[in-house]
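*Asks:* Build me a model:
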Amino acid sequence: MAKVNIQELLDSGVHFGHLTRKWNPNMAPYIYTERNGVHIIDLYKTAAKIEETSEALKKIANSGRKVLFVATKKQAKDVVAEKAKAIGMPYITERWPGGMLTNFVTIRKAVKKMASIDRMKTDGSFDALSKREKLQINRQREKLEKNLGSIADMTRLPGAIFVVDIKKEHIAVAEAQNLNIPIFAMVDTNSDPRLVDFVIPSNDDASKSIDKVLSYITDAIAEGLSDRKADKDKGKDDQEEEIEEVVTRKVIEITDED
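*Replies:* So this is what the prediction gives:
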């Protein structure tokens, strides 16, 4: 796993917090100083937290569970969508669907509806509908794709969620807490870190900062997925060797009997 580079964090503006008058006192342990009315985050603590978070997420990915990324703010959504997609993880970058986690069964039904519409288009039944019905179904499909398309492969509750800006995504945080799903998050100086299991004190408002932190996080997850694949391949090879050994022994036994 890559060592976190303090200079890179500095160049990306990860250290910029909020105005001092907007701070949350619970973030005090992560604040280095104040400059021109703005809190400056201690990047050495940020680096340590990124490494701690990366290690935990790597283990989750290695276990085969999904990590759901949540970021609906303008500065974060494109970055998060790109990074999560690259490692095959689900993400929510449009409006958070209420009950996304706590009422997951209903959400899965909506996702299955997309698949049902797709089947209609391939088996020919869609062509038999009227022009108006086709238009309505296409609109429904587009809406479902926009809001839920990014979680289509998430067939069960995620092993963890990673949030950018826990104040904005407070509903997602509350649902994860309710279900005891581990919460990993970029937490700025205006937020309460006590709501999160793994805190990364950082600037959650600038695209460059979000991109830099997520680069470390997604690299660690990719490493966990790679290790899992390697372990599976090794297990398959070991199994094949064992079968071959058994077959060889059997052939020798038969030959000896003859």
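*Asks:* any chance you could map the strands in this structure?
*Replies:* In the chain, the segments counted as strands under DSSP state E are 16-19, 31-35, 38-41, 67-70, 91-92, 160-164, 183-187, 198-201.
*Asks:* can you tell which of those strands is closest to residue 228?
*Replies:* strand 67-70 (13.1 Å; C-beta to C-beta). (Glycine included, C-beta is placed from N, CA and C.)
*Asks:* can you list contacts of that closest one?
*Replies:* 57, 60-61, 80, 83-84, 89-92, 96, 151, 154, 158-164, 169, 172, 184, 221 (C-beta atoms under 8 Å, 6 or more residues apart in numbering).
*Asks:* Now do it: distance to the chain's middle.
*Replies:* On the basis of C-alpha atoms, centre = their mean, to the nearest Å, strand 67-70 sits 3 Å off its chain's mean C-alpha point.
*Asks:* pull the CA atoms of that strand into CSV?
*Replies:* What follows is strand 67-70, C-alpha atoms only, in CSV (Å, rounded to 0.1, in the frame of the first residue of the first chain):
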residue,chain,number,x,y,z
VAL,A,67,-18.0,-0.5,-0.1
LEU,A,68,-20.7,2.0,-1.0
PHE,A,69,-19.4,5.5,-1.8
VAL,A,70,-21.7,8.4,-1.1
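*Asks:* Direction included, what does it pair up with?
*Replies:* Strand pairing for strand 67-70, using DSSP bridges, gives strand 91-92 (parallel), strand 160-164 (parallel).
*Asks:* Of these, which stretch is the most buried?
*Replies:* Ranked by mean neighbour count, those are led by strand 160-164 with a mean of 27 (mean count of other C-beta atoms under 10 Å).
*Asks:* Let me know how buried the closest residue to residue 3 other than its chain neighbours is, in neighbour terms.
*Replies:* Spatially, and ignoring its direct neighbours in sequence, residue 3 is nearest to residue 51 (7.8 Å; C-beta to C-beta, 6 or more residues apart in numbering). Neighbour count of residue 51, defined by other C-beta atoms under 10 Å: 16.
*Asks:* re the thing from before, mean pLDDT and distance to residue 3 for the strands of the chain - can I get that in TSV?
*Replies:* TSV is the format used below for the strands of the chain (pLDDT from 0 to 100; distance: least, C-beta to C-beta, whole Å):
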stretch	mean pLDDT	distance to residue 3
strand 16-19	95	23
strand 31-35	95	20
strand 38-41	97	19
strand 67-70	97	22
strand 91-92	95	26
strand 160-164	97	21
strand 183-187	97	19
strand 198-201	98	16
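*Asks:* Low-confidence regions, the stretch 51-200 of the chain specifically.
*Replies:* Within the stretch 51-200 of the chain, the set of residues satisfying pLDDT under 70 is empty.
*Asks:* for this structure, what spans make up the helices?
*Replies:* Secondary structure of the chain by DSSP state H: the helices cover 6-11, 43-62, 74-86, 104-123, 131-148, 170-178, 207-257.
*Asks:* Ok, which of those helices comes nearest residue 191?
*Replies:* Nearest of the helices of the chain (C-beta to C-beta): helix 170-178, 9.5 Å.
*Asks:* Name the residues of the closest one that come out as buried.
*Replies:* Neighbour-count burial for helix 170-178, counted by 16 or more other C-beta atoms under 10 Å, picks out 171-173, 175-176.
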